[in-house]
Structures are given as structure tokens and as C-alpha cells.
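# Got a predicted structure plus its sequence, pasted below:
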Amino acid sequence: MRTNWVRVSQGVALMAVLLTSACQTPGANDQANVYGENQVNTQQAAKVIKILAVLPAKVQVDNSQNQKTAQLVGGLLGAVGGGLLGGSVAYNQAAGATVGAAGGGAAGVAAGSLVPSTVLVEGVSITYEDQGQIYNSAQVGKLCEFAPGKAIVIATGPGVTRIQPNATCPLPTT
């Protein structure tokens with residue numbers, strides 16, 4: 001019976017590692033300095049603007065891929081753990097493993113559903129001047145990446161602004 005518990009805990013540890021390595025950082029692909037494959041090696045209009053103010057903001061982004069990953073891994077983890085546990089405690093090991101796997105899988109999927117489909121990520125609200133007009137653009141990014149003064153804005157489509165960071169965040173101290 002002790003070896004079954006060891007196998008269960010090893011399976012749980014393996015699945016937990018897979019779950020955390022499969023998760024993406026939501027919103028990272030929405031930062032102004034991140035480009036899609038179709039935007040690389042293409043000409044994009046750019047101009048210099050004057051940033052007037054940078055304020056903290058929160059941006060709601062899609063997290064559905066991480067939710068799906070959590071459900072999948074949770075279901076697998078629950079099925080493996082439930083099957084091993086059910087097989088080790090039941091009189092009929094095959095039936096116990098089957099019932100345990102089904103119940104554990106369902107519980108794992110339900111637990112994975114607790115991961116929200118949208119999340120709030122760090123962002124900035126940038127007020128800037130362009131040819132005498134004042135505009136504002138919300139961007140995914142850190143407050144320390146932007147500062148009042150000159151910056152480059154890239155237009156990747158009509159009404160789409162990608163204000164490039166014009167400051168550097170301090171390195172973390174150890």
C-alpha cells in the first residue's frame with residue numbers, strides 16, 4: 001500500500017510540473033514591443049510623439065488557454081491519482097481503479113475550471129501629443145517602461161497604436 005501512495009505522489013508532482021510549465025503569461029503578447037509573425041520584416045508607419053503623462057492601469061486579457069490547460073491537466077492528474085488510489089483501497093482493484101479514475105478525472109476538470117477565463121494584467125494609460133492633438137492609449141506594460149518625453153508610436157493598423165517603451169525598469173536587487 002505504501003508503494004501506491006509513493007506512485008500517487010510522484011504522479012501528482014509530475015502533473016503539477018506539467019501544469020505550471022504549460023501555462024502562459026496572459027497579456028504578454030499584447031505588449032507594444034511584442035510582434036506577431038505576420039508583422040516581422042514588414043513596413044509599418046512610425047512617428048515620434050511626446051508623452052505627457054503615464055498612469056497605472058489594469059488591462060483585462062484573455063486567459064482561456066490557461067483555463068483549458070488547467071482543465072486538461074487537472075483531469076489527467078485526477079484520473080491518474082484517483083485510479084491509483086481507488087485501486088489500492090478497493091477490494092476489487094480493477095473496479096476501484098476505474099471508479100477512482102472517473103471520479104478523480106471529473107474532480108480534476110472541475111478544479112481546472114476554477115482558473116478564470118479573463119485576468120487583469122499590469123498596464124499603463126499613456127496621454128500623448130501628436131501634431132497638436134492630445135490622445136490617450138492604454139497599453140499592456142509596466143509603469144517604469146514609459147516616461148514623459150519623446151517616444152516612438154507604430155501604427156500596425158487603423159487606430160492601432162503601439163507606443164514603444166522609452167524608459168528602462170531598474171534591475172531587481174538581490
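Noted; the coordinates are in hand. Numbers count the residues shown, from 1 in each chain.

# For the lengthiest strand in the chain, C-alpha coordinates in CSV please.
With DSSP state E setting the assignment, residue counts place strand 45-62 as the longest strand in the chain. Only the C-alpha atoms of strand 45-62 are listed here, as CSV (Å, rounded to 0.1, in the frame of the first residue of the first chain):
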residue,chain,number,x,y,z
ALA,A,45,4.3,53.6,-40.2
ALA,A,46,6.1,55.1,-37.3
LYS,A,47,6.4,58.6,-35.9
VAL,A,48,7.7,60.5,-32.9
ILE,A,49,5.2,61.6,-30.3
LYS,A,50,5.5,63.5,-27.0
ILE,A,51,4.3,61.5,-23.9
LEU,A,52,2.7,64.0,-21.5
ALA,A,53,1.6,61.6,-18.7
VAL,A,54,1.9,57.9,-17.8
LEU,A,55,-0.6,56.5,-15.3
PRO,A,56,-1.0,53.0,-13.9
ALA,A,57,-3.8,50.9,-15.4
LYS,A,58,-5.1,47.4,-15.4
VAL,A,59,-5.9,45.6,-18.7
GLN,A,60,-8.4,42.7,-18.9
VAL,A,61,-6.9,40.0,-21.1
ASP,A,62,-8.0,36.5,-22.3
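
# show me where this protein has helices.
All helices of the chain, identified by DSSP state H, fall at 2-22, 64-89, 93-112.

# ok so, going back, what strands line up against the longest strand of the chain, and which way round?
Next to strand 45-62 in the sheet, as set by DSSP bridges, lie strand 118-130 (antiparallel), strand 149-157 (antiparallel).
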